[in-house]
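Asker: Sharing a model prediction with you, sequence too.
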Amino acid sequence: MARVRQEPLTSSLLSARDVRELADRLGVRPTKQLGQNFVVDANTVRRIVRVAELTATDVVVEVGPGLGSLTLALLEVADRVVAVEIDPVLAAELPTTVRERARPGTSFDVVLADAVQVAELPGPAPTALVANLPYNVAVPVLLTMLQRFDSLQHGVVMVQSEVADRLVAGPGSRTYGVPSVKTAWYAQARRAGSVPPPVFWPVPRVDSGLVAFTRRPAPSTAATREEVFAVVDAAFAQRRKTLRAALATWAGSPARAEEVLRAAGVDPQTRGEQLTVADFARIAEAGH
């Protein structure tokens, strides 16, 4: 069924000046360690929300909300947002920012935690993930959230442009690799635009990209996700090798790897970057 987007209800979004003044008052200095680059452009956060195609009934989880720029834009459309923030100073301030600036009738919670460690969230199960992900942990955070919260049906993440390319790449592409295959296990992902450095503070030295995703069923297989991902990791650990050689350690020997590959209907001389996630699932199942 097609999603009907809710028209935004105007709230008081953070301007570039607001962000800097709020950071000064809190004594916050963005750190590379936490991958902090705060969005200071209202048009950008509203654009992200439009791409996410949220409705009022979506329960949105946001990772790394920072000072709340994107949070407030999300609350213009969705009635409930749960933010996961690792910085205790920022996490403590967010409820005040939301209370003062968000439209009435919205619900907001902040969870002080590392997103890759979060196993549960307060309230109803989240249906959408929308986040400006720290560059250094973007892939593990996205995969962790998709794994642990199967209620997530769609979303948009902003990541470094090169990472965006890897997440959406298809077989045969030079950027196709482990992130591409593992993301494809959970969802259909697509590039949804680019974001220039000047919309951030501090200004990063790289471009960013938007990746939109829609949940889809995992490939039908008797193998577990862990078993399939083990094959994926082995196949791409030595990209230039054929699968017969790359999977030798995983299978126990090159001969056994060839046997498994043939049973799965895969040419042993193929390389991992040519296979779909369904191909990897067949290999894992044949290797039982």
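Answerer: Thanks, I have it.
Asker: Check the spacing between the closest residue to residue 112 other than its chain neighbours and residue 39 real quick.
Answerer: Distances taken as CB to CB, 6 or more residues apart in numbering place residue 91 nearest to residue 112, at 4.4 Å, with adjacent residues excluded. Where you see a C-beta, it was placed from the backbone N, CA and C, and this is true even at glycine. Separation of residue 91 from residue 39 (CB to CB, to the nearest Å) stands at 18 Å.
Asker: same deal with residue 199?
Answerer: From residue 199 to residue 39 the distance is 6 Å (CB to CB).
Asker: same check, this time on residue 113
Answerer: Relative to residue 39, and taking CB to CB, residue 113 is found at 21 Å.
Asker: Kindly report the same for residue 251.
Answerer: Computed as CB to CB, the residue 251 to residue 39 distance reads 46 Å.
Asker: same thing with residue 257?
Answerer: Computed with CB to CB, the distance linking residue 257 and residue 39 is 46 Å.
Asker: same check, this time on residue 232
Answerer: 33 Å.
Asker: give the contact list for residue 49.
Answerer: 8, 70, 73-74, 76-77, 130 (CB atoms under 8 Å, 6 or more residues apart in numbering).
Asker: can you put the residues you listed in a markdown table and add neighbour count and secondary structure?
Answerer: Listed next are these as a markdown table, based on neighbours: other CB atoms under 10 Å; DSSP: H, G, I helix; E, B strand; the rest coil:
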| residue | neighbour count | secondary structure |
| --- | --- | --- |
| 8 | 16 | coil |
| 70 | 28 | helix |
| 73 | 28 | helix |
| 74 | 30 | helix |
| 76 | 20 | coil |
| 77 | 25 | coil |
| 130 | 28 | strand |
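Asker: nearest to residue 173, of those residues?
Answerer: residue 130 (25.8 Å; CB to CB).
Asker: How about that closest one: which residues does it bridge to?
Answerer: residue 156 (DSSP bridges).
Asker: Isn't it up against residue 145?
Answerer: No: using CB atoms under 8 Å, residue 130 makes no contact with residue 145, being 11.0 Å away.
Asker: Name the residues contacting each of these two.
Answerer: residue 61.
Asker: Could I get the buried residue list for stretch 277-285?
Answerer: In terms of neighbour count (16 or more other CB atoms under 10 Å), stretch 277-285 has its buried residues at 277, 279-285.
Asker: and if you look at stretch 41-49?
Answerer: Judged by neighbour count using 16+ other CB under 10 Å, the buried positions of stretch 41-49 are 41-42, 44-49.
Asker: who's in contact with residue 187?
Answerer: Residue 187 makes contact with 146, 213-216, according to CB under 8 Å, 6+ apart.
Asker: repeat that for 6 Å
Answerer: 213-216 (CB atoms under 6 Å, 6 or more residues apart in numbering).
Asker: Now secondary structure too, for these, in TSV please.
Answerer: Converted to TSV, the contacts of residue 187 look like this (DSSP: H, G, I helix; E, B strand; the rest coil):
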residue	secondary structure
213	strand
214	strand
215	strand
216	coil
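Asker: With neighbour count, pLDDT and distance to residue 203 added, can I get the residues you listed in JSON lines?
Answerer: Formatted as JSON lines, the contacts of residue 187 follow (neighbours: other CB atoms under 10 Å; pLDDT from 0 to 100; distance: CB to CB, whole Å):
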{"residue": "213", "neighbour count": "24", "pLDDT": "98", "distance to residue 203": "27"}
{"residue": "214", "neighbour count": "14", "pLDDT": "98", "distance to residue 203": "32"}
{"residue": "215", "neighbour count": "16", "pLDDT": "98", "distance to residue 203": "34"}
{"residue": "216", "neighbour count": "12", "pLDDT": "97", "distance to residue 203": "36"}
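Asker: What is the burial count for residue 263?
Answerer: Neighbourhood size, residue 263 [other CB atoms under 10 Å]: 13.
Asker: Same question for residue 16.
Answerer: Around residue 16 there are 16 other residues, counting by other CB under 10 Å.
Asker: again, but for residue 174
Answerer: 8.
Asker: what do you get for the one 4 residues further on?
Answerer: Burial of residue 178 is recorded as 17 neighbouring residues (other CB under 10 Å).
Asker: For it, give me its contacts.
Answerer: 232, 236.
Asker: switch to 8 Å and redo it
Answerer: Here residue 178 is in contact with 232-233, 236 (criterion: CB under 8 Å, 6+ apart).
Asker: which of those residues count as buried?
Answerer: 232, 236.
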